[in-house]
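Participant: Sharing a model prediction with you, sequence too.
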Amino acid sequence: MTTLRGPETIKELVTNWVPLTTAGPPLIVCSSSLYFVPGQSSLILAFDPYYGKFIDRNVRCLATEVSLWWDQYSTSKLVINLGPFSCPGGYSTAAISRINDYTSYAGCCPFKREYDFAGTLLPAASPGQCYSTLSSGQTFVAKKTFSGNIGSWVDTSVQVNTVGVRVIAAHVNGFMFRAESSNLPASTPASATQTGTNPTRVPSIPSNTRNLGALAAVQELELV
């Protein structure tokens with residue numbers, strides 16, 4: 001049974017906890033629902049709540065709870081955190097930051113298109129945590145708007161002619177609590193690392209996940 005957490009207030013900053021524990025069915029169309037960010041011709045996004053709101057209302061790739069988290073403003077005195085949490089449908093766990101014996105912060109990326117983890121857990125509405133590198137010569141179709149007309153989007157076929165072109169996917173991050181997660185160990189060593197012969201250590205919780213309530217100091221990141 002999921003235990004809900006009430007709002008927390010620290011120094012006029014209010015954190016609302018929104019549970020996301022039901023994966024839901026992944027939408028295959030989301031892996032190909034790409035668009036160019038207006039004014040940034042090289043930034044291609046996928047799985048973005050913006051797409052279903054303003055480009056094609058028939059495509060909704062992320063749950064309402066995720067949209068609430070993704071659309072929050074860093075300057076607001078209200079923080080929305082997802083928790084208790086599990087990755088939504090179509091996503092898998094990319095990294096886990098162990099906070100203390102009872103709480104972990106998980107970062108999720110889409111598993112379609114073989115999205116990779118960029119090495120840093122980013123806050124909401126900051127694309128770049130999850131990316132897929134396109135091959136030279138590859139052709140893809142993405143929505144694009146011209147002349148600043150945000151209300152008009154057209155399909156644009158693009159052939160990749162250079163190396164390093166990436167599609168950035170909207171990430172989904174949230175807090176797992178041991179009481180709700182059977183796979184969260186009762187005790188975690190202070191230096192959780194990537195499995196393998198060359199452990200990778202990177203910064204963990206983003207700085208503007210601003211209100212962690214009574215959580216202990218953040219430890220290092222474990223890639224999964």
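Facilitator: Perfect, thanks for sending it. Numbering: from 1, shown residues only.
Participant: Could I get the CA-only coordinates of stretch 88-108 as CSV?
Facilitator: Extracted as CSV, the C-alpha positions of stretch 88-108 are listed here (Å, rounded to 0.1, in the frame of the first residue of the first chain):
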residue,chain,number,x,y,z
PRO,A,88,6.7,5.6,-15.8
GLY,A,89,5.8,3.3,-18.7
GLY,A,90,8.4,3.3,-21.5
TYR,A,91,11.1,4.4,-19.1
SER,A,92,13.8,2.6,-17.1
THR,A,93,16.0,3.5,-14.2
ALA,A,94,19.2,5.1,-15.5
ALA,A,95,20.8,6.1,-12.1
ILE,A,96,20.0,6.1,-8.4
SER,A,97,21.3,8.5,-5.8
ARG,A,98,21.3,7.1,-2.3
ILE,A,99,20.4,9.8,0.1
ASN,A,100,20.1,7.8,3.3
ASP,A,101,19.1,4.3,4.6
TYR,A,102,15.5,5.0,3.7
THR,A,103,15.4,7.3,0.7
SER,A,104,16.8,7.2,-2.8
TYR,A,105,16.5,9.6,-5.7
ALA,A,106,16.0,7.8,-9.1
GLY,A,107,16.5,9.2,-12.6
CYS,A,108,14.6,7.6,-15.5
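Participant: what is the mean pLDDT for that stretch?
Facilitator: Per-residue pLDDT over stretch 88-108 has a mean of 91.
Participant: who does the worst-scoring helix or strand of the chain on mean pLDDT pair up with?
Facilitator: Counting by mean pLDDT, DSSP states H and E, the weakest-scoring helix or strand in the chain turns out to be strand 221-223, with a mean of 73. Paired with strand 221-223 in the same sheet, following DSSP bridges, are strand 91-98 (antiparallel).
Participant: For the closest residue in space to residue 24 that isn't next to it in sequence, give its distance to residue 166.
Facilitator: The shortest distance from residue 24 to any non-neighbouring residue, by Cβ to Cβ, 6 or more residues apart in numbering, is to residue 89 (4.2 Å). For every residue, glycine as well, the C-beta is placed using N, CA and C. From residue 89 across to residue 166, the span is 23 Å (Cβ to Cβ, to the nearest Å).
Participant: Please apply the same query to residue 73.
Facilitator: 26 Å.
Participant: hey, where'd the helices end up in this structure?
Facilitator: 49-50, 64-70 (DSSP state H).
Participant: Could you list the buried residues of the longest one?
Facilitator: Of the residues in helix 64-70, those buried by neighbour count under the rule 16 or more other Cβ atoms under 10 Å are 65-70.
Participant: quick one on the thing from earlier: gap between the least confident helix or strand of the chain and the chain center?
Facilitator: Centroid separation for strand 221-223 versus its chain: 15 Å, with Cα atoms, centre = their mean, to the nearest Å.
Participant: Which of residue 73 and residue 166 has more residues huddled nearby?
Facilitator: More crowded of residue 73 and residue 166, by other Cβ atoms under 10 Å: residue 166, with 17 against 10.
Participant: Next up, the contacts around that one.
Facilitator: By Cβ atoms under 8 Å, 6 or more residues apart in numbering, the contact set of residue 166 is 44, 131-134.
Participant: what pLDDT, on average, does stretch 7-27 get?
Facilitator: So the average pLDDT for stretch 7-27 ends up being 84.
Participant: same thing with stretch 154-165?
Facilitator: Per-residue scores along stretch 154-165 average to 91.
Participant: Can you check the distance spanned by it, start to finish?
Facilitator: Taking Cα to Cα, to the nearest Å, stretch 154-165 runs 21 Å from one end to the other.
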